[in-house]
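got a predicted structure plus its sequence, pasted below:
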Amino acid sequence: MDDRRLLQGLLDSPTSHAIVVTDLDGQVTLWNQGATRIFGYPADEIVGNSVELLCVPQDRKDKVVALEMQRAREHGCASVFRWHLRKDGTTLWSDGMLYPVRVDGEHVGYMELVRDATEEKLREKEHERLAFTDVLTGLPNRSELFRRMVDMIGTAQRHDELLVFHLIDLDHFKEVNDSLGHQAGDELLVELAQRMSAQLRSTDLLARLAGDEFALVQPTAHDVSACLVVAEKLLEELARPVALGDQLVTVSGSIGISLYPVDALNTEQLMANADSALYKAKAAGRGRYCVFEATDSACGPGPEDTMARQAGP
């Protein structure tokens, strides 16, 4: 058996891995059957072409192949964990390594070993999505709120902007659960979450924290009064009756509001201050909002306070 046939036999043996050999310029010189199975190209269609044919457009733009080659030269190998393009235009997630190829001490090219790890990547993404999503409402959960608040506070700080934090709690929700059951309570939460979401900007962040408690974060808030108008709209939506089977249920909501950087500089303190304001809103009769103040909390009107609502808080 000549050396060329032996080499090809060795390359084709690991059928679950793509083995791609290129010259120094990234032109494919050797291609095994595993690469054909994974990427869809037969050897005669890919050999002589640039390995960038397998890159997604953004990676081509970012010169990712050149960067991987540089790391392989400098460190002896480079990881290849990224999306690739198949012949049919679909993508796959690679789990692979890139090695420099040397013959008699001379650097002549690169060898890439790639495994198709798409299913594992998608499972990982789904697990991550579930870890940061409230399963019932589809809203971000408490973990996702805290994670995203880091960036939102950082952006507000860089641009010297106001950020408004609303802590929202449903009034008398336990009575719905007790009288109609937890399934009805879940249906109510889903409906009210959708109503609140419909009142918000795409940049606002609405999350379900636990039970009947939600949080709303409004970034780039130039005018506090505009945010208070949003709070009033949310109270109106929460107070509208909800049909649960043959029952028409009416609840309300209370909202505590705190401001970055006026009241606090981090998520934990913003939430604590908003919770203090929420307590005052409930003590003032529920169905209203209160804005945190260091000495007290200034409460806005409830849905029933028509004259007060027109005059503002």
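On my side now, so go ahead. Please read these numbers as outputs of a predicted model, since none were measured by experiment.

is the closest residue to Asp23 other than its chain neighbours in a helix, a strand, or coil?
Using CB to CB, 6 or more residues apart in numbering and skipping the chain neighbours, the partner closest in space to Asp23 is Gly109 (4.6 Å). The way it works is simple: take the backbone N, C-alpha and C, and place the C-beta from them, glycine included. The three-state assignment at Gly109 reads strand, by DSSP: H, G, I helix; E, B strand; the rest coil.

from Arg82, how far out is Gly109?
Going from Gly109 to Arg82 by CB to CB, to the nearest Å gives 20 Å.

the more surrounded of these two?
In this view Gly109 and Arg82 are compared by other CB atoms under 10 Å, and Gly109 has more residues nearby, 20 against 17.

I figured that one hits Val21, correct?
Yes - Gly109 is within contact range of Val21, at 6.1 Å (criterion: CB atoms under 8 Å).

so which bits of the helix or strand containing Val65 are buried?
For Val65, the host element (DSSP states H and E) is helix 64-75. By neighbour count on 16 or more other CB atoms under 10 Å, the buried set for helix 64-75 is 64-65, 68-69, 72.

then stretch 40-57?
Applying 16+ other CB under 10 Å to stretch 40-57 flags 40-41, 43, 46-47, 51, 53-55 as buried.

which pair of those residues spans the longest distance?
Farthest-apart pair in the buried residues of stretch 40-57 is Ala43 and Cys55; separation 18.9 Å (CB to CB).

about what we covered before: just the closest of the buried residues of helix 64-75 to Ala215, please.
Of the buried residues of helix 64-75, the one sitting nearest to Ala215 (CB to CB) turns out to be Val64, at 38.1 Å.

my guess is the closest one contacts Phe81. True?
No - in this structure, Val64 is not within contact of Phe81 by CB under 8 Å, at 11.0 Å.

can you put the buried residues of stretch 40-57 in a markdown table and add secondary structure, pLDDT and distance to Val291?
Output for those, formatted as a markdown table (DSSP: H, G, I helix; E, B strand; the rest coil; pLDDT from 0 to 100; distance: CB to CB, whole Å):
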| residue | secondary structure | pLDDT | distance to Val291 |
| --- | --- | --- | --- |
| Gly40 | coil | 94 | 60 |
| Tyr41 | coil | 95 | 62 |
| Ala43 | helix | 92 | 69 |
| Ile46 | helix | 95 | 64 |
| Val47 | coil | 95 | 69 |
| Val51 | helix | 95 | 59 |
| Leu53 | helix | 94 | 58 |
| Leu54 | helix | 95 | 56 |
| Cys55 | strand | 94 | 52 |
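
in the chain, which helix or strand is least confident?
Lowest by mean pLDDT, DSSP states H and E among the helices and strands of the chain is helix 306-311, with a mean of 29.
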